[in-house]
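K.L.:
sharing a model that was predicted from the sequence below.
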Amino acid sequence: QVQLVESGGGSVQAGGSLRLSCAASGRMFSSYAMGWFRQAPGKEREFVAAISRIGGSTSYADSVKGRFTISRDNAKNTAFLQMNSLKPEDTAIYYCAADMTTPRATPREKYAYDYWGQGAQVTVSI
């Protein structure tokens, strides 16, 4: 069993930055691909970014490419999402997720992930 806990959410004005963290319990963190998803009110949960097990590969949704950066520190069992140049349309609950089983390096599908955090609210105002 893996537990994921997000932190770092909050409110920021458009153009600002936030850094989300996702702390994972248990061992073998380096055996999980990690992903970030978000869900805005009335919308489906959507892919934001993913990083491979040792961090050599990353993948981003087109809507955040060039503004968001995913990273991980396997020694600290933590994944990060650095969000810059935030826009009001980035407002959502952000979830981190861990993939233990699929062979792809950076899965973009929700069904590929085995464990999910509780979510962190990010609100971007004009």
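P.N.:
Everything's here; your move.

K.L.:
pretty sure Arg45 is touching Trp36, no?
P.N.:
No. Assessed by CB atoms under 8 Å, Arg45 is found out of contact with Trp36, at 10.7 Å. Backbone N, C-alpha and C define where each C-beta goes, glycine included.

K.L.:
neighbour count winner among these two?
P.N.:
Trp36 (27 against 16; other CB atoms under 10 Å).

K.L.:
so which residue is smack in the middle of the protein?
P.N.:
Centroid-nearest residue in the chain, with CA atoms, centre = their mean: Trp36, separated by 2.2 Å.

K.L.:
look at that one and tell me its secondary structure.
P.N.:
Here Trp36 takes the strand state, with states given by DSSP: H, G, I helix; E, B strand; the rest coil.

K.L.:
for Ser125, see how far away it is.
P.N.:
Taking CB to CB, to the nearest Å as the measure, Trp36 and Ser125 are separated by 21 Å.
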